[in-house]
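>>> Okay, structure incoming, though there's no sequence with it:
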């Protein structure tokens, strides 16, 4: 019966008969990646009491995946074990059960394919839709939102689309991920060159062991690119990487995630000073290891306190963190599956991977190749590399003032959203309510996604985003 009801509602929508009545509560969710999908699923499971349309908008071709969990030719792996990735906080092993149903003997500590997680998110949405009460409809829209209008009467906002009429809304949630990084200054003269890739997922297949590749960045995106480029053991090109400090992500272990207890008052008391906070964090990690634990337990504990710690740090100390400690935090916080760490080590031992610290000074065309001039860290000399391929793998971009995204440009121009002083994302208040250009929190426009880091710092992991989505859903449903 539930499946029949969900099917009836979907057919009604697909047939183009949707009437966005002013008598129904309309919630438009812009973006159907992880955050938008989990938000919609929560609204379907625990919906508002009045008749409600949940309009889930995706500009791509598939809901529930986004860029992170898209189906790709290469089997990219999740960097978090299966037992720690449930999209429902009330059911911590939900994803693990789904994986076992699909793969059989999946273990809780396994690092599974990202595309499988996308399948899981799609299933979460479908099951939530089927279980939703009759007064709630999920309306899927495949289009691009180009702007948001403020209205004087009736519903306060309207979503403007590229190809369809605007949809009036009581609430609009921006469930946007981060934009691709802007073109680096050093790439301005070669962005059109066949040996340059701004998209680290768009990699050629024809490279051989005679070719040379420079990957710019040393984080998780670099590891993904290196994995693809070295998938054929007989045709691994010479891989060079470069970042300011040359730091590689640490490896994951099967550490005990729930062992540490306490309120973190010692850390919070030191959060007026970056030096004091660093000392307290190192002391905590040493104490954990003395007791036979893993320093990763300390990092997980600090992550849970991160929003409070970040807000307590004075602005000058926040800037110092970004300048001096950000990269060190990232390599301990964003870790690799053990098999990926082993793969990098094997490539380094074989001489096919060289990790560099330094800065690129220029990149110029040299026929079909690119000549890269760079300065090694701590040196005044200039080094040169002739590369058959240069890949920008500098990772996510959080700033909105220099974004080329049409929707963000429109929202900034209308004063509906504002950037923070450090260009970390979108300024928000409680439940992700967007702050406008005057610093006033909207009652109708919200944001959920990684750009919450402007006010929370740690908001890129699935579980952190899940918690934000659940809190926002409860608020929109009237439960908080």
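On my side now, so go ahead. Please read these numbers as outputs of a predicted model, since none were measured by experiment. Numbering: from 1, shown residues only.
>>> Could you chop this structure up by domain?
2-76+113-179+398-476, 185-250+336-392, 265-333 (automatic domain parsing).
>>> got the contact list for stretch 356-376?
184, 186-187, 189-190, 193-196, 214, 216, 240-247, 377, 379, 381-390 (C-beta atoms under 8 Å, 6 or more residues apart in numbering). From N, CA and C alone the C-beta is placed, and that goes for glycine too.
>>> Need the winner for burial among the domains of the chain.
Comparing the domains of the chain by mean neighbour count (mean count of other C-beta atoms under 10 Å), domain 2-76+113-179+398-476 comes out on top with a mean of 19.
>>> From the chain's centroid, how far away is that domain?
The gap between where domain 2-76+113-179+398-476 is centred and where its chain is centred comes out at 15 Å by C-alpha atoms, centre = their mean, to the nearest Å.
>>> just the helices in the stretch 151-300 of the chain please.
220-229, 265-269, 274-290, 295-312 (DSSP state H, counting those that start in this stretch).
>>> Could you list every helix and strand that the first one packs against?
Read it as helix 220-229. strand 212-216, strand 238-243, helix 338-349 (3 or more C-beta pairs under 8 Å, 6 or more residues apart in numbering; DSSP states H and E).
>>> Give me the distance between residue 69 and residue 63.
11 Å (C-beta to C-beta, to the nearest Å).
>>> in the stretch 51-200 of the chain, what spans have low per-residue confidence?
Scanning the stretch 51-200 of the chain for pLDDT under 70 picks out nothing.
>>> of the helices of the stretch 151-300 of the chain, which approaches residue 412 most closely?
Nearest to residue 412 among the helices of the stretch 151-300 of the chain is helix 295-312; the distance by C-beta to C-beta comes to 23.2 Å.
>>> Quick check, residue 386 in contact with residue 213.
No. Contact criterion C-beta atoms under 8 Å: residue 386 and residue 213 do not qualify, at 11.2 Å.
>>> how near is residue 236 to residue 390?
Counting by C-beta to C-beta, the gap from residue 236 to residue 390 is 17 Å.
>>> whoops, residue 367 was the one
Counting by C-beta to C-beta - residue 367 and residue 390 are separated by 14 Å.
>>> Confirm residue 125 sits in a helix?
Yes. Counting by DSSP: H, G, I helix; E, B strand; the rest coil, residue 125 falls inside a helix.
>>> quick one, what contacts it?
Going by C-beta under 8 Å, 6+ apart, the list of residues near residue 125 reads 37, 40, 41, 44, 56, 63, 64, 138.
>>> now these as TSV including distance to residue 221 and secondary structure?
Formatted as TSV, the contacts of residue 125 follow (distance: C-beta to C-beta, whole Å; DSSP: H, G, I helix; E, B strand; the rest coil):
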residue	distance to residue 221	secondary structure
37	23	helix
40	28	helix
41	28	helix
44	33	helix
56	27	strand
63	24	coil
64	22	coil
138	33	strand
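>>> Looking at these, spot the one nearest residue 165.
Distance ranking of the contacts of residue 125 against residue 165, using C-beta to C-beta, places residue 56 first at 17.4 Å.
>>> thinking that closest one is in contact with residue 143, fair?
No. The criterion here is C-beta under 8 Å, and residue 56 misses it with residue 143 at 11.2 Å.
>>> And the contacts of stretch 101-116?
65, 68-72, 75-83, 93, 96, 99-100, 119, 252, 254, 337-339.
>>> now swap in stretch 222-239 and tell me
With C-beta under 8 Å, 6+ apart, stretch 222-239 has contacts from 74, 76, 200-201, 203, 207-213, 215, 241, 243, 249, 336, 340, 343-344, 347, 350, 352-354, 388-389, 391, 393.
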